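K.L.:
here's a sequence, model it:
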Amino acid sequence: IYDNGAWDDFDYLAVHTAGVNRSPETDDSYWSFMRTLRAVREALRRYGDKPVYITEHYAATAPNMQITNNERISADDLAISVGLAVALDAKCIMYYVFNDFENRKLKNPNVNLDVLREHHFGLFHRDWMPKLTLWAYQTAARFFDPGEFLGDLNFSEPGARGLLFDKGPDGEFALLWSRKGGLRQQEAIID
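P.N.:
Reported below is the predicted structural model:
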């Protein structure tokens, strides 16, 4: 876009940040949330700053599939990914889909299990029961809006991570987590 002279022809940069559920700070492929954020930051430094809008933000929870997480892990990772996006200075984070999709083609109609993981990206189940990711998203919105990134927190404990933010008149707060057990690296099911 820049090489063809179009960088100044748009006002906002919309980015789809991830495609596979992994720990958000994983940086090992172009589908990595962190690698995408770093690439966006580098492009903005190189070509000129623009407001960043993150599109299709999600935390898939399809049951019995290796390439998705359970609701607890997805909720944790959702909160961390929002913190990382705010650290990038994203202006808006758009959640992909409000509720899980209905699908006519089911693996097992008796248990209502979808064939496609894409149908399990919502903040609500199909029966409108909230997922843990809804509460994580709500909490992240409450803490990070408004929020200004102040910097990384460093710890002597291996795997301990943290980001410090300023919430204006409400003071500072920290997003803390531990990867002592390692990063989660899901892989697609091989048929």
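K.L.:
just name the shakiest helix or strand of the protein by mean pLDDT.
P.N.:
In the chain, no helix or strand scores lower on mean pLDDT, DSSP states H and E than strand 106-108, which sits at a mean of 55.
K.L.:
what ranges does the chain have for its strands?
P.N.:
Ranges of strands within the chain are 13-16, 52-57, 90-95, 106-108, 113-114, 148-153, 160-166, 172-178, based on DSSP state E.
K.L.:
looking at the ones you listed, spot the one closest to residue 36.
P.N.:
Residue 36 sits nearest to strand 13-16 of all those, at 6.6 Å, using Cβ to Cβ. For glycine as for every other residue, the C-beta is placed from the backbone atoms N, C-alpha and C.
K.L.:
who are the packing partners of that closest one?
P.N.:
Contact here means 3 or more Cβ pairs under 8 Å, 6 or more residues apart in numbering; DSSP states H and E; on that basis strand 13-16 packs against helix 33-47, strand 52-57.
K.L.:
of these, which is nearest residue 143?
P.N.:
Nearest to residue 143, of the helices and strands packed on strand 13-16 and by Cβ to Cβ, is strand 52-57 at 15.8 Å.
K.L.:
what's opposite residue 166 in the beta bridge?
P.N.:
Beta-bridge pairing for residue 166 (DSSP bridges): residue 148, residue 172.
K.L.:
still on that earlier bit, Throw the helices and strands packed on strand 13-16 into JSON lines and include mean neighbour count and mean pLDDT, thanks.
P.N.:
Below are those laid out as JSON lines (neighbours: other Cβ atoms under 10 Å; pLDDT from 0 to 100):
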{"stretch": "helix 33-47", "mean neighbour count": "16", "mean pLDDT": "91"}
{"stretch": "strand 52-57", "mean neighbour count": "19", "mean pLDDT": "90"}
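K.L.:
so which of those is nearest residue 82?
P.N.:
From the helices and strands packed on strand 13-16, taking Cβ to Cβ, the stretch that ends up closest is strand 52-57, at 7.8 Å.
K.L.:
that closest one pairs with which strands?
P.N.:
strand 13-16 (parallel), strand 90-95 (parallel).
K.L.:
list the buried residues for the longest one?
P.N.:
Burial within strand 90-95, assessed by neighbour count using 16 or more other Cβ atoms under 10 Å, is assigned to 90, 93, 95.
K.L.:
export the strands paired with strand 52-57 to JSON lines and append columns for distance to residue 127 and mean pLDDT.
P.N.:
Putting the strands paired with strand 52-57 into JSON lines (distance: least, Cβ to Cβ, whole Å; pLDDT from 0 to 100) gives the following:
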{"stretch": "strand 13-16", "distance to residue 127": "28", "mean pLDDT": "91"}
{"stretch": "strand 90-95", "distance to residue 127": "19", "mean pLDDT": "90"}
